[in-house]
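K.L.:
for reference, the sequence and a predicted model appear below.
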Amino acid sequence: MATLDAKQDGQTAILEELLARTAPSLPLATAQAILADFGNGEIPDDPDQIARLLRSAAEQYQAMRARLLEYDNSADLIVRDLSHAAQALVEQGRFDEADAKLGDIELHSDLVKAKARGDRGDLARLRLRYRDAAGHFAQAAQIVPPDQIAARWLHELRRADSLTALGKEFGDNAALREAVELYRNTVLPLAPRWLRPIDWASTHDCLGNALRTLGQREAGNDCLKEAISSYELALQERARDCATAAWAATLNGLGTVLTMLGERGVGKNCFEQAIGAFQQALNVCDPTSGTLGWSIQNNLWNALKTLGEREDGTTRLEEAVSVFRRALESCPRALAPLDWATTQNNLGTALRALGARETGTHHLEEAIVAIRLSLDERPQDRVPLDWASSQNNLGTTLGTLGQREERTASFELAVAAFREAQKERTQFRAPFLWAVSQMNLAKALAEIARRTDGDRSEPLAAIDAALEVFRESGVAALIENGEAIRRSITGEDPA
């Protein structure tokens, strides 16, 4: 880490190059301040981490700049001057002073009081201060005159969206639950379906996103099933012919949840339904036209790959490996590092599944390389649960490789990876994901104990803890798998 004051010319040149390549609309001083803000007064040294932050900030900066320009329509010269000053301060990276100028607008003019408070929320989001942003949007909603229901709805929606971002990006489940309650009890009542169907559908789509993220982490399937209901309601109003991108985005969310349920063994046709949803979305969303199209296509391939893991033979898995490799060619790492990392992770899991059905180790070794590359773009401090997912997949692949070797080195590396994953996949934050990693940990520990004639109490305790969660969630396939692992540890059913 390097302090902003000590930043060398070479580092500034790197930042300028990254801005030109990934976020040309973002002023240099603004970018420096965002990075310093993120690092508690220091700028990260990692160019990949910088690129990720800049890309996210550029989109928020453009939206905020457009909202600040709206003050130019004000007849109040003082309001216009204050807004220009705020914009200039943002461009200079002087965020606290910019916030103060927006606060001055709020105090000066009742006509734009709520808007100014909402713009302070945008500034907080630009700084990745999602909790502060939610507070500003809540205040803005309270300031809005009673007859401006649509304006109040928008502030409350942005409040809930900020909490969803906090929960998704920083693993804060409490923020996700708060967002879910806001969408249901505050935002939806402000957009009645009969009066404002498009806003009603948008709220259900956002609710589905929050439920999906929460459900992925929890042991039970209730949130995932509720997410499906929300997406299906949104699709009733997001007609394909009048809201193409929104329609495709909702189908993408629906397909993602169906894939998750399929992986948990819930329902016989979840994978087929997910594949159908992704294919419908791709009919109107070109995979080369932007991140949404790419995301839909990647999710389709992932569903096909997961389905292939459950089928005999390797044809579908070989196809999955091929399409993931092609996807990496069309998804430049520099322009979309998180998407690129997701594809690397998916490529790794496809290679692992393919390698598990073969006698050699070539595909397993390739899988390890791919998953480790995904970790380069999934830093623990920025996307902790994505980082943990890659760690878990790395451990699983190392464990499969260890089965082909006489020594225990790969199993020991697998144990380390699973324990890394559980630093973020905690039993409190993500009990279901924790239990999956716990089961994988038990398998690796048991294999080490078997080969070294060691104590089996640790792997036995690990699988018992995982089984407790699986039984609570009622996932039959995982319960059956866990019980088989337990029998192999105790010697009742030797592996």
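P.N.:
All right, it came through fine.
K.L.:
what's the neighbour count on Ala449?
P.N.:
Close neighbours of Ala449, defined as other CB atoms under 10 Å, add up to 19. C-beta coordinates here come from the backbone N, C-alpha and C atoms, glycine included.
K.L.:
and the pLDDT for it?
P.N.:
Per-residue confidence (pLDDT) for Ala449: 94.
K.L.:
surely it meets Lys443?
P.N.:
No. In this structure Ala449 lies outside contact range of Lys443 using CB atoms under 8 Å: 10.9 Å.
K.L.:
can you list residues touching both of these two?
P.N.:
Each of Pro459 lies in contact with both Ala449 and Lys443 under the rule CB atoms under 8 Å, 6 or more residues apart in numbering.
K.L.:
Cys285 is in contact with Trp294, isn't it?
P.N.:
No. Contact between Cys285 and Trp294 fails when scored by CB under 8 Å: they sit 9.5 Å apart.
K.L.:
need the overlap of contacts for the two.
P.N.:
Contacts common to Cys285 and Trp294, judged by CB under 8 Å, 6+ apart, are absent.
K.L.:
how's this protein carved up into domains?
P.N.:
As assigned by automatic domain parsing, the chain contains the domains 1-189, 196-311, 321-419, 425-495.
K.L.:
end to end on the third one, go ahead and measure it.
P.N.:
So that's domain 321-419. End-to-end distance of domain 321-419: 28 Å, with CA to CA, to the nearest Å as the criterion.
K.L.:
how far does it sit from the chain's center?
P.N.:
18 Å (CA atoms, centre = their mean, to the nearest Å).
K.L.:
and if you look at the first one?
P.N.:
The chain centroid and the centroid of domain 1-189 are separated by 20 Å, computed with CA atoms, centre = their mean.
K.L.:
check the average confidence over that domain, would you?
P.N.:
Per-residue scores along domain 1-189 average to 86.
K.L.:
cool, the second one as well?
P.N.:
Looking at domain 196-311 alone, the average pLDDT works out to 87.
K.L.:
for it, how far is the first residue from the last?
P.N.:
46 Å.
K.L.:
for Thr396, list the residues it contacts.
P.N.:
352, 414, 440.
K.L.:
want to throw those residues into TSV with pLDDT?
P.N.:
Converted to TSV, those look like this (pLDDT from 0 to 100):
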residue	pLDDT
Arg352	94
Ala414	97
Asn440	95
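K.L.:
which of these fall in strands?
P.N.:
Using DSSP state E, no member of these falls in strands.
K.L.:
ranking by neighbours, what's the top pick from those residues?
P.N.:
Result: Ala414 is most packed of the contacts of Thr396 (other CB under 10 Å), 28 neighbours.
K.L.:
quick one, what contacts that residue?
P.N.:
Contacts of Ala414 by CB under 8 Å, 6+ apart are 394-396, 398-399, 402, 440, 444.
K.L.:
now list the buried members of the residues you listed.
P.N.:
394-396, 398-399, 402, 440, 444 (16 or more other CB atoms under 10 Å).
K.L.:
out of those residues, which are inside helices?
P.N.:
394-396, 398-399, 402, 440, 444 (DSSP state H).
K.L.:
now the helices for the stretch 301-450 of the chain?
P.N.:
315-330, 337-356, 362-376, 384-402, 409-424, 431-452 (DSSP state H, counting those that start in this stretch).
K.L.:
just the stretch 1-150 of the chain next, same as before
P.N.:
9-22, 28-38, 47-69, 77-91, 95-108, 113-126, 130-143, 149-170.
K.L.:
out of those helices, deepest packed?
P.N.:
helix 113-126 (a mean of 24; mean count of other CB atoms under 10 Å).
K.L.:
now do that one against helix 95-108, angle only.
P.N.:
170 degrees (axes from the mean of the first three to the mean of the last three CA atoms, to 10 degrees).
K.L.:
hmm, who's touching helix 113-126?
P.N.:
Contacts to helix 113-126, defined as CB under 8 Å, 6+ apart, come from residues 34, 57, 60-61, 63-64, 67-68, 70, 86, 90, 95, 98-99, 102-103, 105-106, 109, 130, 132-137, 139-141, 143-144, 151, 155, 158-159, 162, 165.
K.L.:
may I have it as PDB, with CA atoms only?
P.N.:
Extracted in PDB, the C-alpha atoms of helix 113-126 (Å, rounded to 0.1, in the frame of the first residue of the first chain):
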ATOM      1  CA  LYS A 113     -34.300  19.600  -0.700                       C
ATOM      2  CA  ALA A 114     -35.100  15.900  -1.300                       C
ATOM      3  CA  LYS A 115     -33.100  15.800  -4.500                       C
ATOM      4  CA  ALA A 116     -30.000  17.200  -2.800                       C
ATOM      5  CA  ARG A 117     -30.300  14.700   0.000                       C
ATOM      6  CA  GLY A 118     -30.600  11.900  -2.600                       C
ATOM      7  CA  ASP A 119     -27.500  13.300  -4.500                       C
ATOM      8  CA  ARG A 120     -25.600  13.000  -1.200                       C
ATOM      9  CA  GLY A 121     -26.600   9.300  -1.300                       C
ATOM     10  CA  ASP A 122     -25.200   9.000  -4.800                       C
ATOM     11  CA  LEU A 123     -21.900  10.600  -3.600                       C
ATOM     12  CA  ALA A 124     -21.800   8.100  -0.700                       C
ATOM     13  CA  ARG A 125     -22.300   5.200  -3.200                       C
ATOM     14  CA  LEU A 126     -19.500   6.500  -5.400                       C
END
